[in-house]
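Engineer: Any chance you can model this:
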Amino acid sequence: MEATLALPLLVALIGVALFFDFLNGLHDAANSIATIVSTRVLRPQYAVAWAAFFNFIAFLFFGLHVAETIGKGIIDPGIVTPQVIFAALMGAIIWNIVTWVFGIPSSSSHALVGGLIGAGVAKTGGSAIVFSGVLKTVLAIFMSPMIGFLLALVLVLVVSWIFVRQTPFAVDRTFRVMQFLSASLYSLGHGGNDAQKTMGIIAVLLFSQGYLGDTFHVPFWVVISCQAAMAVGTLFGGWRIVHTMGSKITRLNPMQGFCAETGGALTLFGATWLGIPVSTTHTITGAIIGVGAARRVSAVRWGLASNILIAWIVTLPSAAAISAAFYLLTSVF
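Structural biologist: Numbering: from 1, shown residues only. Predicted coordinates:
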């Protein structure tokens with residue numbers, strides 16, 4: 001598969017990448033809608049449509065820095081072949097399906113990064129890895145939930161102080177409206193960061209086959225295709241994970257839901273601007289735990305949160321192992 005790939009096979013491989021993007025939207029729909037559903041501000045079917053719309057239009061608000069990081073900053077683009085891309089995608093897709101079936105809110109982003117690393121290392125060894133980009137991504141595994149946690153915690157304290165003289169009914173009514181804004185912002189951040197990962201995969205595949213010339217860039221048709229695939233995935237929803245994110249970690253009211261979504265959105269905006277492929281799952285989980293802890297430490301089900309943390313840690317190496325196995329398997333044929 002080292003030679004230039006036949007056009008039908010190239011199209012099929014792009015289709016596999018878009019299928020991963022669809023699964024990303026399906027798997028991570030919970031990140032965008034869990035709080036607004038669990039607070040009963042929107043019914044699930046309306047919430048997914050709301051999130052999908054803002055997922056799709058995210059390209060209007062963000063640059064393509066994350067796509068460039070995935071395309072050039074995880075493994076050396078010079079060693080990328082269709083076989084590497086196929087193995088990386090299969091590693092990420094299989095891990096996403098496994099965690100979706102069991103309702104585990106793992107990271108589609110880090111599954112893809114793990115897939116790239118596993119396939120690249122299987123091809124050329126450790127020299128395939130761009131350590132600066134991988135280090136930035138690994139640091140984000142720990143930093144994004146912490147930042148989401150702190151921002152959400154501070155927002156709860158500030159909002160509680162501002163509305164201290166309001167009745168609970170008035171506060172609830174105000175934030176039922178405000179949650180439309182916060183859910184929109186979070187869905188924008190989700191679409192802006194996550195869809196770009198598949199853009200980077202498709203762009204580096206096209207670059208490796210000579211379709212982009214001498215300069216790596218992301219064609220506009222790739223941008224639109226990836227945003228659309230993610231939006232459609234979000235429309236189908238990820239109900240198992242919605243339940244975990246929206247109610248099992250801690251119970252939320254509309255004010256807390258607003259603070260969690262806003263804290264998470266601010267984290268995603270910053271990461272996307274810096275070109276860091278963070279996990280939307282990590283970010284919103286940290287924010288939800290932050291608002292729960294602001295109420296009282298015992299309001300958070302820490303046992304479940306620790307299980308989710310374990311899933312975060314094993315995602316990258318698990319996806320890497322699966323993709324490496326796929327690369328070695330395809331090398332036989």
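
Engineer: Helices along the stretch 151-300 of the chain, start to end?
Structural biologist: For the stretch 151-300 of the chain, the helices defined by DSSP state H, counting those that start in this stretch occupy 168-208, 220-236, 239-243, 254-274, 280-295.

Engineer: now the last one, how far from the centre of its chain.
Structural biologist: Which is helix 280-295. Relative to its chain's centre, helix 280-295 lies at 15 Å (Cα atoms, centre = their mean, to the nearest Å).

Engineer: next SSE after that helix?
Structural biologist: Later in the chain than helix 280-295, the nearest helix or strand by DSSP states H and E is helix 302-332.

Engineer: what is the mean pLDDT for that next one?
Structural biologist: Across helix 302-332, pLDDT averages out at 81.

Engineer: buried sites along that helix?
Structural biologist: 305, 308, 311-312, 314-316, 318-327, 330 (16 or more other Cβ atoms under 10 Å). (Each C-beta comes from the backbone N, C-alpha and C, glycine too.)

Engineer: Tell me which other helices or strands that helix touches.
Structural biologist: helix 82-101, helix 108-124, helix 131-162, helix 280-295 (3 or more Cβ pairs under 8 Å, 6 or more residues apart in numbering; DSSP states H and E).

Engineer: angle of it against helix 82-101?
Structural biologist: Going by axes from the mean of the first three to the mean of the last three Cα atoms, to 10 degrees, helix 302-332 is angled at 150 degrees with respect to helix 82-101.

Engineer: got the angle between helix 302-332 and helix 131-162?
Structural biologist: Going by the same axes, to 10 degrees, helix 302-332 makes 150 degrees with helix 131-162.

Engineer: Please export the C-alpha coordinates of stretch 123-142 as CSV.
Structural biologist: Provided in CSV are the C-alpha atoms of stretch 123-142 (Å, rounded to 0.1, in the frame of the first residue of the first chain):
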residue,chain,number,x,y,z
LYS,A,123,5.5,1.1,10.8
THR,A,124,8.7,2.8,11.7
GLY,A,125,9.2,2.6,15.4
GLY,A,126,9.6,5.5,17.9
SER,A,127,11.0,7.8,15.2
ALA,A,128,7.5,8.2,13.8
ILE,A,129,6.3,10.1,16.9
VAL,A,130,6.4,13.9,17.0
PHE,A,131,7.0,14.2,20.7
SER,A,132,6.2,17.9,21.1
GLY,A,133,2.7,17.4,19.7
VAL,A,134,2.1,14.2,21.7
LEU,A,135,3.3,15.8,24.9
LYS,A,136,1.0,18.7,24.4
THR,A,137,-1.9,16.3,23.9
VAL,A,138,-1.0,14.1,26.9
LEU,A,139,-0.8,17.2,29.1
ALA,A,140,-4.2,18.2,28.0
ILE,A,141,-5.6,14.9,29.3
PHE,A,142,-4.9,16.2,32.8
